[in-house]
Structure formats: C-alpha cells, structure tokens
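Chemist: Would you be able to build a 3D model of this:
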Amino acid sequence: MSQAARNIRDEQERESTGHSNGTQLIGLIFLLMVIGTVVWGCWAVIHWMNDAERLPLSRLVVTGERHITTNDDIRQTILSSGAPGTFMSQDVDVLQQQILHLKWIKQASVRKQWPDEIKIHIVEYVPYARWNDLQLLDKDGNVFNIPAERVSDKNLPLLYGPEDGEKEVLEGYNSMNQALAAAKFKLKTVAMSERRSWQLVLDNDVRIELGRENRTKRLERFIALYPTLLQQVPADKRIASLDMRYDTGAAVGWAPAFIDSQAIFSD
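Modeler: Residues are numbered from 1 along each chain as shown. Below you'll find the predicted structure:
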C-alpha cells in the first residue's frame, strides 16, 4: 500500500474515532441530565409532600363504640405535643401512643387516608365496678380511671382490697353475688383485707362478716339464717350486721329502725 493510501486511511480512522467519542460524550451528558432531572423531581415531590401548607392533616374521623370519649378528648390529646405533621411525615404510632394516654381507652388504632385524613378507631374500658373509691374495674379486672362526672352508672358495686388484689376481689364478688342474687339479695359492697378477710354489705346496708375461712359455707349459712332472723326483729330495731365467723349460728348486730319520712309528714 502506498504512503498516500496509508495517510488517507489513518485520517479516516481518526475521524471515525473522533465521531465515536463525541457521540459517547453526548450520550453521557444526556444520561447525567436525565438522572439529575429524576433526582430533582423526587426531591421536589418529597419537599411538596412534607410542606405543611400543601398537605396538612386537617380531618379527624373517630370510630368505635364510645360512652366516655369525646372528639375533643382525641383532638386535645393529639395537639398536646404540637400540631400534626403532613400526610407523609406524621408517624401514626406516635399518635396511637398519645391517644392511649387517655386512661379509659383500652385499644387504639390509627391510620392515614389520602390526602388529609386521620382515622382513629378506639375501644374503651367498660366500667363494671368501683375500685377503692378512686378507680374503676372492667369485667376482666383491669384498673382504669374516668373523670367522675362521666361515669353514667352511679350504682356500680363498690369493691375494696389491697394493691394488686383487684382480680381476686372481683372473682370473689362475682361468685358471692351470684349466690346472693339467686336468693333475692343484692350485693352492694365487697371488701377484702390484707389478711384475706371478707366483709360484705347488702343494698339494705346489712353488713356480713365472713372472715378468712370457709367463705362459701358461711355465706350459705347466712342465706339460710337471714329470713328466720327477720321474723324476730323488734318493731323499733333492724339488723345492722351479722358475724358469720362462728362454727354454728351468728352474732347479730342491731340498730334503730330506719325512720319512714313519708309517715312523719303524712296527715
């Protein structure tokens, strides 16, 4: 091959290589531009979604059977640590824990619904009895608190006992109340001392001392004995208490008969 032919070929190869490198450079620049556009777009979308002025959580929907909780309770509890975030930034687990600070709420679930809604489902404790005057129990023996003015049932049984004894006292109340109800008695108060000694009060204010031992047998003896004692009550007396802590019989405590106010003020 002549020198001229070689020169022509070398020139063509250089032009081809230069064109190829130029094409690759343009392709790389275009790729970088695409990546940059995608990254900027993602950043812009995230910034937009976290902008409280664009996607504020502004609607609150509360579901569940409620007898105690108001919408304002939920709203104030959520706002207690500041205004809710945006749809994307708000942590529903944090909201759930805030709601559970209301001591009468047993369970709470929180979820978000696009674009601006918080949905909350709650389950309340249901009052079954009063515990040591200041608290309440549900039927499973869970202790909780409710503002006094929101307790709708003012005739809840009164249960008393040592700390951590609520389940034992509740179980005793249930079993003894069942036996007394079958005999047409209504149990109002049950108290268990630190030594596990039991005292009952009926709705007619008769106090029954059962002590620590043989609680069931002593209660059965009271049920059998009380109607007989009623037939022997003097007109000006009433039975105030019965101490069943004896092998047989009982010690009866007497008190003046209740005054009939209607009889006093009648013509």
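Chemist: who's the spatially closest residue to residue 111 that is not a sequence neighbour bridged to?
Modeler: Leaving aside its chain neighbours, residue 111 sits nearest to residue 119 (5.2 Å; criterion: C-beta to C-beta, 6 or more residues apart in numbering). To be clear about C-beta, it is placed using only N, CA and C from the backbone, and glycine gets the same treatment. For residue 119, the beta-bridge partners under DSSP bridges are residue 61, residue 111.
Chemist: Tally up the residues packed near residue 119, please.
Modeler: Using other C-beta atoms under 10 Å, residue 119 has 15 neighbouring residues.
Chemist: Do you know the pLDDT at it?
Modeler: Residue 119 is assigned 88 on the pLDDT scale.
Chemist: For the protein, just list every one of the strands.
Modeler: Taking DSSP state E, the strands of the chain run over residues 59-63, 105-113, 117-124, 129-131, 135-137, 143-144, 158-160, 187-192, 198-202, 207-211, 237-243, 251-256.
Chemist: Please give the centre-to-centre distance between the fourth one and its chain.
Modeler: In terms of C-alpha atoms, centre = their mean, to the nearest Å, the centre of strand 129-131 is found 16 Å from the chain centre.
Chemist: Give me the packing partners of it, helices and strands only.
Modeler: strand 135-137, strand 158-160, helix 166-182 (3 or more C-beta pairs under 8 Å, 6 or more residues apart in numbering; DSSP states H and E).
Chemist: For that strand, give the mean pLDDT please.
Modeler: pLDDT averaged over strand 129-131 gives 97.
Chemist: neighbouring strands for that strand, and are they parallel or not?
Modeler: By DSSP bridges, strand 129-131 pairs with strand 135-137 (antiparallel), strand 158-160 (parallel).
Chemist: And those strands: which comes nearest residue 128?
Modeler: Nearest to residue 128 among these is strand 135-137 (5.5 Å), distances taken as C-beta to C-beta.
Chemist: Touching that closest one from outside, list them.
Modeler: By C-beta atoms under 8 Å, 6 or more residues apart in numbering, the list of residues contacting strand 135-137 from outside reads 104, 125, 127-131, 143-146, 151, 156, 159, 166, 170.
Chemist: List just the nearest of the residues you listed to residue 232.
Modeler: Residue 232 lies nearest to residue 159 out of those, by C-beta to C-beta, at 31.9 Å.
Chemist: residues contacting that closest one?
Modeler: Contacts of residue 159 by C-beta under 8 Å, 6+ apart are 129, 130, 131, 132, 137, 166, 169, 170, 173, 189, 190, 191.
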